[in-house]
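Visitor: sequence and predicted structure, then a few things I'm wondering about:
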Amino acid sequence: MKLNKALLLIVALCLCANAFAQSSKELKRKKEALQREIELAQKNLNKAASGKKLTLGQINAIKAQIRLRQDKISTINSEMKNLDHQIHENTNKVQNLKGRLADLKKEYAGMIRFAQRNRNSYDKMMFIFAANDFNQAYKRIKYLQQFGQYRKKQAAYIQGTEKQLSNQIVVLDKNLKSKSTLLKEEQNEKTKLDKNRSEQTVVLNKLSKQEKQFQQDIKKKRQQQAAVDRQIQAAIAREIAAARKKAEEEARERERIAAAKAKAENKPTPTTTATTKPKSANEALRSTPEAAKLSDAFEANRGSLPSPVATGYITGRFGAYKVDQATAMRNGVVFQTSEGAAVRAVFNGTVSTVFQQYGRYYVMIIHGEYFTVYEGLQSVSVSKGDKVTTKQTIGAAGTSDGVPELGFQIHRGAVAQNPESWLAR
């Protein structure tokens, strides 16, 4: 009974170990992804810092590095917590195996002592022949066979448990070495984080010397973004108007056909309720079965849409933000990425608008009642009316303030959405 409990405990510990191993793999993948983003941020920072003039791209690259470094330290801490748990579980497993081994050896020693004590009392043949009848003799033969087999089985259990114990001690030793490595890695990242913060201080000091020029650059950039946003809103408004007009025409056509049918059958003409109009812009955009299906599919993928760039990190977040003490609104997010990075459609759809502004291209794709907007491309490979598929390349990322950047927006009808809640982590 005691052995059964020990076996059940060991099985449970093994299942826990598998769960932790899976979680550790996920954390390791996340840490590796963060390291790639940190390296990309450093590359962009070096590129931005090569110019004498301070740029918003340089400030954003430093901020991104600090944030990514903090995320990496947090991930390392999570890895260490997992590892501490594994060390605790593996230590318990070692102790249980030692206890199980001691019980097995004790039981086996008892059997050996019993056999030794009774070896000279009678031999096996006499024990069998002393039986009262054939049935009892047969049972005694089976008993002797089973006793011998049980001894062999106990010896095998002992050897197996010793091997398990040896293996588990190796695993525990690896756990302890891994924790030591993680502690060194964490300390290394903290040192680099301090360096990043020192760089940020230097940049902010530099900012105070170039404040006037920096303010002018920021003001110009905000004006340009406002102009682009107006064009995007106008393009969305045109799509809504066109969808509403089409829906109204289809409604009128249905009324006309119903009236003609009633006349042909000598029935009263159906009462028309003026033209049936969609109640909202969203209804107009999803008024056809195809558009409704596409809208539903887009919405079903909330939180799992691919990033518009394969490599990159967000430096500008959705909503209100402060630049040089002034508050502004951002209708999407800004990615810093690698130079000439391929820009990808995040979902199936149709290219609604392609326009050029300030030497850069802007692409809007319609997905039923949803729109995705890709800003600041240096080149495009699609045209208005083209059908695109998920992850299809639509152009290449441009540069802003000396670093490769891509602006990305999602709208439901005319309402801007936070892209971070739609994209896969």
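Guide: Thanks, I have the structure now.
Visitor: report the contact partners of the closest residue to Arg36 other than its chain neighbours.
Guide: For Arg36, ignoring the flanking residues on the chain, the nearest one in space by C-beta to C-beta, 6 or more residues apart in numbering is Thr311 at 6.9 Å. (Each C-beta comes from the backbone N, C-alpha and C, glycine too.) Taking C-beta atoms under 8 Å, 6 or more residues apart in numbering as the criterion, Thr311 is in contact with 36-37, 40, 337-338, 341.
Visitor: rerun that using 7 Å as the cut-off
Guide: By C-beta atoms under 7 Å, 6 or more residues apart in numbering, Thr311 lies in contact with 36, 40, 337-338, 341.
Visitor: just Leu27 next, same as before
Guide: By C-beta under 7 Å, 6+ apart, the residues touching Leu27 are 75, 78-79, 82.
Visitor: correct me, but Val363 touches Ile394?
Guide: Yes: the criterion here is C-beta atoms under 7 Å, and Val363 meets it with Ile394 at 5.6 Å.
Visitor: shared neighbours of these two, which are they?
Guide: 374, 380, 382.
Visitor: so which of these are in strands?
Guide: Applying DSSP state E to the shared contacts of Val363 and Ile394, the entries found in strands are 374, 380.
Visitor: what's the following helix or strand after the helix or strand harbouring Ser295?
Guide: According to DSSP states H and E, Ser295 maps onto helix 289-300. Per DSSP H and E, helix 289-300 leads on to strand 312-316 as the next helix or strand towards the C-terminus.
Visitor: which strands or helices does that next one pack on?
Guide: On a contact count with 3 or more C-beta pairs under 7 Å, 6 or more residues apart in numbering; DSSP states H and E, strand 312-316 meets helix 2-49, helix 56-117, strand 333-337.
Visitor: helices and strands around the helix or strand containing Arg252, which ones?
Guide: Assigned by DSSP H and E, Arg252 falls within helix 211-264. The contact analysis (3+ C-beta pairs under 7 Å, 6+ apart) places helix 211-264 against helix 281-285, strand 349-357, strand 360-367, strand 370-380.
Visitor: and the average pLDDT for stretch 197-213 is what?
Guide: Stretch 197-213 shows an average pLDDT of 71 in the prediction.
Visitor: right, I mislabeled it, should have said stretch 401-421
Guide: On average, stretch 401-421 scores 93.
Visitor: buried residues in it, which are they?
Guide: Going by neighbour count (16 or more other C-beta atoms under 10 Å), the buried part of stretch 401-421 is 401-413, 416-419.
Visitor: same thing with stretch 336-344?
Guide: By 16+ other C-beta under 10 Å, the buried positions in stretch 336-344 come out as 336-337, 341-344.
Visitor: kindly report the same for stretch 246-261.
Guide: By neighbour count on 16+ other C-beta under 10 Å, the buried set for stretch 246-261 is 247-248, 251, 255.
Visitor: again with stretch 181-189
Guide: For stretch 181-189, burial by neighbour count (16+ other C-beta under 10 Å) applies to 182, 185-186, 189.
Visitor: quick check, nearest of these to Ala291?
Guide: Comparing the buried residues of stretch 181-189 against Ala291 with C-beta to C-beta places Glu189 closest, at 48.2 Å.
Visitor: surely the closest one meets Ile73?
Guide: Yes: with contact defined as C-beta under 7 Å, Glu189 counts as touching Ile73 (5.1 Å).
Visitor: picking up where we left off before, a markdown table for the buried residues of stretch 181-189, including pLDDT?
Guide: Below are the buried residues of stretch 181-189 laid out as a markdown table (pLDDT from 0 to 100):
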| residue | pLDDT |
| --- | --- |
| Leu182 | 81 |
| Glu185 | 85 |
| Glu186 | 86 |
| Glu189 | 86 |
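Visitor: which of those residues fall in helices?
Guide: 182, 185-186, 189 (DSSP state H).
Visitor: now distance to Ala262 too, for the residues you listed, in JSON lines please.
Guide: JSON lines is the format used below for these (distance: C-beta to C-beta, whole Å):
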{"residue": "Leu182", "distance to Ala262": "79"}
{"residue": "Glu185", "distance to Ala262": "79"}
{"residue": "Glu186", "distance to Ala262": "79"}
{"residue": "Glu189", "distance to Ala262": "77"}
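Visitor: closest to Ala424 among the residues you listed?
Guide: Using C-beta to C-beta, these come closest to Ala424 at Glu189, 25.0 Å.
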